[in-house]
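Asks: This is a predicted model, with the sequence first.
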Amino acid sequence: MGCVKQYLWRTSLLFFLSGLIQWGGAKVLVEVQSGPLYRVTGYPFSMSCNVSGFSNPAAQQDFRFSIYKPNRPTLEIQIISTDDNNYAMAVYGGRVRGGGITLERLSATSVLFHVKSLEEGDEGEYECHTPNSEAVYHGTYNAKATLKVIEDTLTTSSTGPASFTLSEGDALTLQCLASSNTFQHTHLSVTWYLHGDGEASPRPIISLDRDLTVSLGQGFEGRYQAGLIGLDKLEQATYRLKMARIELSDTGRIYCQAQEWIQDPDRSWYPIAHKDAQATTLEVKAIEGAPDQGSGSMVVRMTIYKAQLQEGEELAMQCIVDAQGIAGRFFSVAWVKDNQELAQIGPTGVLSVGPEYGGRESGGELRAVRTGEKTHLLTLQPVRTQDQGAYHCRAWPQERDGNGVFTQGPRQESTTEPITITATESGLAVTMENQKVSVDEGDELQLACSVSGVKGQLSVTWQYRSGATGPFSDVISLSQVGVLEPGTELGQRNVRTLRPTADTFTLELSEVTPSDAGAYQCTVSEWTTETNGNTKKTSSQSQDCIVEVRPVESLLRVDLKSRGIEVTEGGEVELVCWVRGPSLPVTVTWSLHHEGGSAPDNILTLSHTGDITWHGDQSNYQLRVTTSKGEVHHILRIIRASRREAGRYQCVISAFLQGRHRKPQNSNLLAVLVQTPESVLTLSSSPSPLDRSINTVIQMECSVVKATSISSHFAVTWLVQKKGVGNQTVLSSDRDAVITLGAGLGTEQRISMRRRERWSFELTIRQAHSWDRGTYYCVVEEWLQDPHSLWYKLLSSSAAMELRLQETGSDLSVNKTDLEMEVREGKGVELTCTLTSGDPASLYALTWFYMRRGSSSSHRVPLVILGHDGILKYPDYNQGLQDQKGRLIFSRTTHGTFLLGLQGARQEDSGVYQCHVDQYKYSHDGNWEFSASDQSGTTNLTVRRPIELESELLSEPGCATGLVLHIFIPLVCILAIVIMMLSIKLKGRGSGGNKKQANSLWAEENPLKPRPEE
C-alpha cells in the first residue's frame, strides 16, 4: 500500500512540475522596427528583425522577408530568406541575385534586411517571418512594418565662386543654400568640409546639427574658441561659414554637405538623404616678409587704461596710428576682441559696430570717437563678464581718387592685450527654468527667468536668434522703472514680458510658428541710484535656452478606414477619416480617384469654419463628424452605392493657423468596390417538344419564375435553330418592350410576340409552314437601375422549346417542274406558275420570289405579291433589283395560271425564280381563312448578250470559217437523209400499185373529221 501511495505522489509531482514548465515557458516573439518608416528614393534602407522565446536561445533561426504592396494588400510577394536562395519572386529575383537586396546576420536570432537603393515600387508593408524550428507552436512568428517611399526633395547649392586665392591671415566667407520640400517633418544638419591637397578624405570643419548645436571638426577646436571660425544660419536656408584668419593648411576644396533627418516612431532620428554643394577651391599664399618700414610705412599701437576690471566699470582702449605725412591722409581703425571686430571708424569718421555689440551701442554702453590725428578712443561701460578676452586694434590707409572712391591699403595690427573682468559683489544670478523647451505650433510659448542675489532695481531684455551662432536680436525689454519697449524681432507679434513675482521674469509669445524656433536669452541688469539721482547699471547676467517648435504637420495624423469596402449595387458604405492630434481648426476635403482617371474628383470640402462646399452630385453622400479626446472622426456615408461611387477614396486635411492653411496632409487611399448583385433569374417555358399541325396557330410561352429584384426589366430575344442552319433571330423585345423583327423575316407579319402578363412572354406563329420547324430559344436578359437611374445588365438565362409540325391533307398542288430558260438581253421573259389541283371556290394569294444562284432560300427576295383579296403589291427592292419594278408585268390568264413578265431582260436578271401560293377557304363564320400553301419548282433564267454582240465576235478573223463549217455540214447531212427517205417511199408505192399517185407527193388528203359512210 505504501508503494502505491509513493508512486501516486511521484506521478502527481511530475504532472505538476510539467504544468509549471509549460505555463512558465516563453512565447516566441518576432520583432521589427515600428512603422511607418519614411525613406527616400535612391538611398539605402535597412530594417532589423530579431526573434526571441525559442527553448534554445543559441540555436540559429532562419528569417524570411516579404512585402504586401498598397495596390494588392492581400498578395504576399516573397523577397529574400536565409534558408532558400530561390525564395525571391521574379519581381525581386534580379535585385537579390545582383546584391541590391541582402540579408546581414547579426546573430543567431537577429538579422538586418538591406536595400541598396530604394525604388518607388518598394513602398508597402514588409513582413519578417521566422519558421518554427520546434515541435509545437507557441507565440508570434511574424511581424510587420510599413515603409513609405517619398521623393528626394533635398537640394544644396553654393553661392560663392569656384575658386579663391587669398593670402595667409585673410578672412574667408562662404555661403551654402540647403532646403527640403518634403511633406514630412524633417530636420537638416549642415557640415562644412575641407578636402586638403593630397589628403585621402575630407575633414569636417564645423557642423550645425539637426538640433541647432554646433560641433567642431578635429583640429579646428582652438580656432573656434578663439573666434576665428563661425557658422551662422541666415533666414531659413542659408548657412554661412566665416574664417577670420585663414592658414596655409586651409588650402584645398571647401564645400558644405546637407543631411536630412527624420524621427522614426521609436523617437530615434535617422538620416534619410544627403547632398553635397559645389566645392570652392581655395589657394592660400604665404606672407614672405615683414612689412616695408621705409617711406609711407605706419605703426599701430594700442593703449589700455585698465586691464583688470569689475563688472560695471569702464573699459577704455586707445588706438594710436603713427605714419609719415599723417595730416593729409585717410585711415580706417577697428577694435577687435578675440578676432571678432567690435567697432570700426571709417576714413570719413563714420562709426560701424559689429552685430554682437549693436544693441549696446544703441543703448549708450559702447562709444568710439576720433580724438586726434593719430588717436582713436573706444569706451565700453558698464562692462560685463562676457566682455573679457583678448583685444587689439588694427588700421590701414585709405587712398581716395578723384571720384571720391577709397582704395584700401595694407593693414597693420597692434599687439594683443588681455582684459580680465570679474563679477561684482552684488551676487546677481540668473537662471532659466528650462534649458530646452518644446512647444506645439499654434500654442503659446512661455519662458521664465529667475533671479537671485538682488540688491538694486532690475531690468530685463529678452533676445532671440534663429541659429546656433550669430548675434541675438532684441525681442522685448522691461526697464527698471516698468516701461515696456518692443524690439525689432517679433515686433508685430503678440509678445509680452511680465514680472509676476519679485524674482521672476516671464516671456509670452502667442501662436508660435516653426520660424520661432531657436535660442532665447534672458538678460537681467541691476541698477543703483547715485548721489546725484541718476541711475547706473552695475551688473548684468544672461541665461539662454533652446526652443523647439513642433510643426502642426508632425502633430496631426490622418487615416482612412472602413468596416466594409465591398458592397453590392444600392448598398451602404461608411468611410471614417480619423484625425488624431491636438484640437485645431482643420479643413477636410474628400476626393474620389476613379479607375483610369488622371486626377481625383473632389466630393466635398468641410471648412475649418464648419461650412460645407459640395463639388459634385451630393444626392448619394452624407457627412457627419464625431469628436472624442484627442481625435475627430469625419464620416462620409455613401447612401446607395453604384459604379459611379466605386474607386479609391482619400481625405485631405489642412490645419488653419495664423490666418492661413498649412501644408495639406493626405490620408491613405481606400478602395471601395461596388459589385452587381448576383442574378437569381429563373425561367419556365412551354413543354418541349411541341407537336402541332401545319397551317395552325403556334403559341410558345416563356415566363420569369424568379427575378433578382421586383423592379427588374427584361429584354427578350426569340431565336430559332433549324436543321443545317445556325441560330437566327426571330423577334426581340428590349427592356422598354420595343419589338424588333429578325433579319430573316422580311415583311412577314404572321409572327408576333406579346407580353401576356408582367413577366410572361409569348411568341405566336400564324399559318405555320413546314419550314417553321426547329428548336426555339427564349433568351431573357435582366436589367436593373442603379441609384443614378442608369441601367446595367445581369447575367442572361434561356429556355429551349422544340417545335415539330405535322403535314395536313390539302387539295392544293402547284406545278413543281424545274425549268431552265435562256433569253437574249433586251428580250421579254414570261414565267408561269400553274395550279395542278385546287378548289375552284377557294381564293389564292401568290408571291413571286427571286434569288441569286448559289444563295440559300433564306435570301429570297419577293418581287410581286398578290393578296387573296386581289390586291397586287410591289415590295421595296434591294440587292440591286430596284430597276425591275418598272419592267415587271403580272397577269392571270386562268383561275390557276399566273404569269410574270419581265420586259427588257438584263444580264443581272439572271437567277432563280419561284412562286409561293397560299390557299384561303370560306369559313362557316363568313371569313376567308388560310387553308394551305405550296410552292412551285424553280425556273433558272440565264440572260445572254444580244446577237449583234455575237456577230461582232464572229466578224473577227478566224470566226467566219468556223461558222460556215458549223452551219453547212449539218444542212448537207439533213438534206441527204431527206432524199434517202423519199427515195425509199417512192419505190415502195411503185411496187404496190397504189392509186392517186399524182397527188400524194407529201401526204394523203384525208379530212380532219371524216364522215361515216351512208
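Replies: Looks like it arrived, so ask away.
Asks: hmm, who's touching stretch 485-501?
Replies: Outside of stretch 485-501, the residues that reach it under the criterion C-beta atoms under 8 Å, 6 or more residues apart in numbering are 460-464, 473-479, 484, 505-511, 516. Backbone N, C-alpha and C define where each C-beta goes, glycine included.
Asks: What subset of these is buried?
Replies: Among the contacts of stretch 485-501, those that count as buried by neighbour count (16 or more other C-beta atoms under 10 Å) are 460-464, 473-479, 505-507, 509, 516.
Asks: Which members of those are positioned in strands?
Replies: Secondary structure assignment by DSSP state E places 460-464, 473-478, 505-507, 509 of those in strands.
Asks: And those, which is closest to Glu341?
Replies: Ser473 (18.5 Å; C-beta to C-beta).
Asks: count of neighbours near the residue nearest to that closest one when sequence neighbours are not counted?
Replies: For Ser473, the nearest residue in space outside its immediate sequence neighbours is Glu489; the separation is 4.0 Å by C-beta to C-beta, 6 or more residues apart in numbering. The number of residues packed near Glu489 is 18, by other C-beta atoms under 10 Å.
Asks: Doesn't Glu489 belong to a strand?
Replies: No. When DSSP: H, G, I helix; E, B strand; the rest coil is applied, Glu489 is found to be coil, with no strand at that position.
Asks: Show the contacting residues for Ser983.
Replies: Ser983 makes no contacts at all, as judged by C-beta under 8 Å, 6+ apart.
Asks: can you check Thr238 too?
Replies: Contact partners of Thr238, counting by C-beta under 8 Å, 6+ apart, are Gln175, Cys176, Leu177.
Asks: what would those residues look like in JSON lines with distance to Gly222, neighbour count and secondary structure?
Replies: As requested, these are exported to JSON lines (distance: C-beta to C-beta, whole Å; neighbours: other C-beta atoms under 10 Å; DSSP: H, G, I helix; E, B strand; the rest coil):
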{"residue": "Gln175", "distance to Gly222": "24", "neighbour count": "17", "secondary structure": "strand"}
{"residue": "Cys176", "distance to Gly222": "24", "neighbour count": "26", "secondary structure": "strand"}
{"residue": "Leu177", "distance to Gly222": "29", "neighbour count": "18", "secondary structure": "strand"}
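Asks: just checking, Pro471 touches Pro355?
Replies: Yes. Between Pro471 and Pro355 there is a contact under C-beta atoms under 8 Å: 3.5 Å.
Asks: ok, which stretches of this structure are helices?
Replies: 2-24, 90-97, 221-225, 358-362, 552-555, 947-954, 959-992 (DSSP state H).
Asks: quick one: the closest residue to Ser910 other than its chain neighbours from Arg853, how far?
Replies: Excluding the flanking residues, the one nearest Ser910 by C-beta to C-beta, 6+ apart is Val943, at 4.9 Å. With distances taken as C-beta to C-beta, to the nearest Å, Val943 is found 12 Å from Arg853.
Asks: Please apply the same query to Asp811.
Replies: Distance of Asp811 to Arg853, computed by C-beta to C-beta: 33 Å.
Asks: Between the two, tell me which one has more neighbours.
Replies: Comparing Asp811 with Arg853 by neighbour count (other C-beta under 10 Å), the higher total belongs to Asp811, at 13 against 10.
Asks: quick one: contacts for the more buried one?
Replies: The contact partners of Asp811, by C-beta under 8 Å, 6+ apart, come to Ser837, Gly838, Asp839, Ala932.
Asks: For the residue nearest to Ser910, list the residues it contacts.
Replies: If a contact means C-beta under 8 Å, 6+ apart, then Val943 has Val823, Arg824, Glu825, Ala905, Arg906, Gln907, Glu908, Asp909, Ser910 as its contacts.
Asks: Now with 7 Å, please.
Replies: Taking C-beta atoms under 7 Å, 6 or more residues apart in numbering as the criterion, Val943 is in contact with Val823, Glu825, Ala905, Arg906, Gln907, Asp909, Ser910.
Asks: List just the nearest of the contacts of Thr238 to Gln884.
Replies: Each of the contacts of Thr238 was scored against Gln884 by C-beta to C-beta, and Leu177 proved nearest at 90.3 Å.
Asks: and of the ones in strands among the buried ones among the contacts of stretch 485-501, the nearest to Leu154?
Replies: Set against Leu154, the nearest of these by C-beta to C-beta is Tyr464 (27.2 Å).
Asks: so who does Glu247 touch?
Replies: Remark: with contacts taken as C-beta under 7 Å, 6+ apart, Glu247 is in contact with Glu168, Val284.
Asks: And for Glu260, nearest residue in space, chain neighbours not counted?
Replies: Taking C-beta to C-beta, 6+ apart as the measure, Glu260 lies nearest to Ala273, with 4.3 Å between them; neighbours along the chain are not counted.
Asks: thinking the one you found is in contact with Leu154, fair?
Replies: Yes. Judged on C-beta atoms under 7 Å, Ala273 makes contact with Leu154 at a distance of 4.5 Å.
Asks: and for those two, which residues touch both?
Replies: Between them, Ala273 and Leu154 have Glu260 as joint contacts when contacts are counted by C-beta under 7 Å, 6+ apart.
Asks: Give me the buried subset of the contacts of Asp811.
Replies: Buried positions within the contacts of Asp811, assessed by neighbour count (16+ other C-beta under 10 Å), are Gly838, Asp839, Ala932.
Asks: hey, what's Met302 bridged with?
Replies: Listed by DSSP bridges, the beta-bridge partners for Met302 are Cys319.
Asks: what's the pLDDT at the closest residue to Thr504 other than its chain neighbours?
Replies: Counting by C-beta to C-beta, 6+ apart, Thr504 lies nearest to Ser450, which is 5.4 Å off, once chain neighbours are set aside. Confidence per residue is given as pLDDT, and for Ser450 that number is 92.
Asks: now swap in Leu1001 and tell me
Replies: The per-residue pLDDT reported for Leu1001 equals 29.
Asks: for Ser797, same thing?
Replies: Checking the pLDDT column for Ser797, the value is 91.
Asks: do Ile871 as well
Replies: The predicted local confidence for Ile871 is 90.
Asks: mind listing what it touches?
Replies: By C-beta under 7 Å, 6+ apart, the contact set of Ile871 is empty.
Asks: next one: Thr186
Replies: Taking C-beta under 7 Å, 6+ apart as the test, what Thr186 contacts is Ser180, Glu260, Trp261, Ile262.
Asks: Among the residues you listed, which one has the most neighbours?
Replies: In terms of neighbours by other C-beta under 10 Å, the contacts of Thr186 top out with Glu260 at 25 neighbours.
Asks: I'd like the distance between that one and Asp62.
Replies: Distance of Glu260 to Asp62, given as C-beta to C-beta: 35 Å.
Asks: which secondary element of the chain has the worst mean pLDDT?
Replies: Taking mean pLDDT, DSSP states H and E as the measure, the helix or strand of the chain with the lowest value is helix 2-24, at a mean of 38.
Asks: right, and Lys436 touches Asp544 too?
Replies: No. Counting by C-beta under 7 Å, no contact exists between Lys436 and Asp544, whose distance comes to 10.7 Å.
Asks: which of the two has more neighbours?
Replies: Taking Lys436 and Asp544 together and counting by other C-beta under 10 Å, Asp544 has the greater number of neighbours (20 against 10).
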